[in-house]
Structure formats: structure tokens, C-alpha cells
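# dropping the sequence and predicted coords here.
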Amino acid sequence: MKLIILDRDGVINEDSDLFIKSPDEWIPLPGSLEAIARLTKAGYTIVVATNQSGLGRGYFDIMTLNAIHQKMQNAVKAAGGLIEAIFFCPHTASDNCDCRKPRQGMFSTIAERFDTKLDDVPSVGDSLRDLQAAFLAGCIPILVLSGKGKQTLENGGLPPKTVIFDDLSAVADHLLSEKQKTIENKDKNIQEPT
């Protein structure tokens, strides 16, 4: 299975310091839906892992969060992509839960749900806590400079082996070019006489 884990706010859609509190406030970033569609068509299983403390803070309820995610799913589907599952942490930092990034609880749940190890699975985020959770889970931490990504880069302290791209579209370009190189190398090995 080719799995990729995506943060939501700042990676797929515009972020807000005031939280995304309604479907109307969910606005996709340029190129993100098409990037997900390209990854889907290349055989990737796409999963979203997102902290949603606005739920725990009472800024919106579970029905509203479901409506936001339904809008995201519909937009991705309209672009030709598929998000296989959405995992979210509803807790605030003071709840001291295991699922809130930078802890790796959501990632452990993803590994269990898909019955797979997360070693070297690309995990894309725009905040340090996204990258820290990915690193702890054994994923490849990928920082995008959309959302809060530029600020995260400037603040430094990134986990080892963090890879940096402008946005989700650039991540898809990289992953798909790597896949193409692998295919070409396999074809070359087959065609060369022994």
C-alpha cells in the first residue's frame, strides 16, 4: 500500500488563526485538490490527520465538523481524487491526550486501521507539531510552505530528515517523478540484455 498522510488546514485548505468553523470558511488552497487527484490516480491511499481543538473549545460541534469534511470530500471527488479516511483530534492541549499532534496517537490509529507500518510513509504538514508527530511515527516529515509553513521554517528546530516543498502540488510532483524514475529503472533493467 502506498499511503500518504496529510494535515488539513494549511495543506489542503486555507488556515485561520480563528479556526475553520463552518463549511463556508473551508477554502481549498490553489492546486491542492488537483494534487490529491494526481496522487489518487497514481495509486496512493490518502489519509487526513488533523488537530481540531475548535471542537473541544466549543467553536463548532461535530455536525459542523462533519459538514466541513463532507465539503472537502466532495471537492476532492469533483477534482478526481479520493480521501480514504479522516482522523481528527477534538481535544485541547490542556486535555493532555495521546491523539493531539505532536504526539503520535492519530498515526498509531492510522497504522492499525490500515494494518500497515508507517516507516517511510510521507506525511505532509505546515506546523512543527505535524512534523514531530510524523517523525515519532517513523514517517518522512514533509513541510509545505503554505499555511503556517514559512513561519515554521523560520522558527527552525525541524525534525531530522524533514523535506521541504512549496505546497502540496510540489509534493505530488516530487512523489510522482520518483515513482516514474522507479518505473523507468525497472523497464530499463528488463530491456537490457543479460
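Great, that's in hand.
# going forward, measure contacts and count neighbours with C-alpha atoms only.
Noted.
# next SSE downstream of the host helix or strand of A35?
Assigned by DSSP states H and E, A35 falls within helix 32-41. Note on helix 32-41: by DSSP H and E, the next helix or strand toward the C-terminus is strand 44-51.
# tell me the angle of that following strand relative to helix 32-41?
130 degrees (axes from the mean of the first three to the mean of the last three Cα atoms, to 10 degrees).
# strand 44-51 pairs with which strands, parallel or anti?
Using DSSP bridges, the strands paired with strand 44-51 are strand 2-6 (parallel), strand 85-89 (parallel).
# now render those as a markdown table, adding mean neighbour count and mean pLDDT.
Below are those laid out as a markdown table (neighbours: other Cα atoms under 10 Å; pLDDT from 0 to 100):
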| stretch | mean neighbour count | mean pLDDT |
| --- | --- | --- |
| strand 2-6 | 21 | 98 |
| strand 85-89 | 17 | 98 |
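# need these in a markdown table (columns: distance to G54).
Below are the strands paired with strand 44-51 laid out as a markdown table (distance: least, Cα to Cα, whole Å):
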| stretch | distance to G54 |
| --- | --- |
| strand 2-6 | 19 |
| strand 85-89 | 10 |
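# now for those strands, which one comes closest to V163?
Closest approach to V163 among these is made by strand 2-6 (14.1 Å; Cα to Cα).
# what does the closest one rub up against?
12, 43-49, 121-125 (Cα atoms under 8 Å, 6 or more residues apart in numbering).
# any idea how far it is from the chain center?
In terms of Cα atoms, centre = their mean, to the nearest Å, the gap separating the centre of strand 2-6 from the centre of its chain is 7 Å.
# now swap in stretch 24-35 and tell me
13 Å.
# do stretch 13-22 as well
Using Cα atoms, centre = their mean, the offset of stretch 13-22 from its chain centre is 16 Å.
# and the strands in the protein?
Using DSSP state E, the strands found in the chain span residues 2-6, 44-51, 85-89, 122-125, 140-144, 163-165.
# mind exporting the C-alpha coordinates of stretch 142-152 to CSV?
What follows is stretch 142-152, C-alpha atoms only, in CSV (Å, rounded to 0.1, in the frame of the first residue of the first chain):
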residue,chain,number,x,y,z
ILE,A,142,7.4,16.9,4.8
LEU,A,143,7.0,20.6,5.4
VAL,A,144,5.0,22.7,3.0
LEU,A,145,5.4,26.4,3.0
SER,A,146,1.7,27.1,2.5
GLY,A,147,-0.4,27.8,5.6
LYS,A,148,2.0,28.4,8.6
GLY,A,149,4.8,26.6,6.8
LYS,A,150,7.1,29.7,6.2
GLN,A,151,6.8,30.6,9.9
THR,A,152,7.6,27.0,10.9
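# what comes into contact with it?
9-11, 14-15, 122-128, 131, 153, 162-168.
# still on that earlier bit, out of the strands of the chain, the one nearest T116 is which?
Here strand 2-6 is closest among these (Cα to Cα), at 9.1 Å.
# using CSV, write down the CA coordinates of the closest one.
The C-alpha coordinates for strand 2-6 follow below in CSV (Å, rounded to 0.1, in the frame of the first residue of the first chain):
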residue,chain,number,x,y,z
LYS,A,2,1.2,3.5,-0.9
LEU,A,3,0.0,5.6,1.9
ILE,A,4,0.3,9.4,2.4
ILE,A,5,-0.8,11.3,5.4
LEU,A,6,-1.9,14.9,5.1
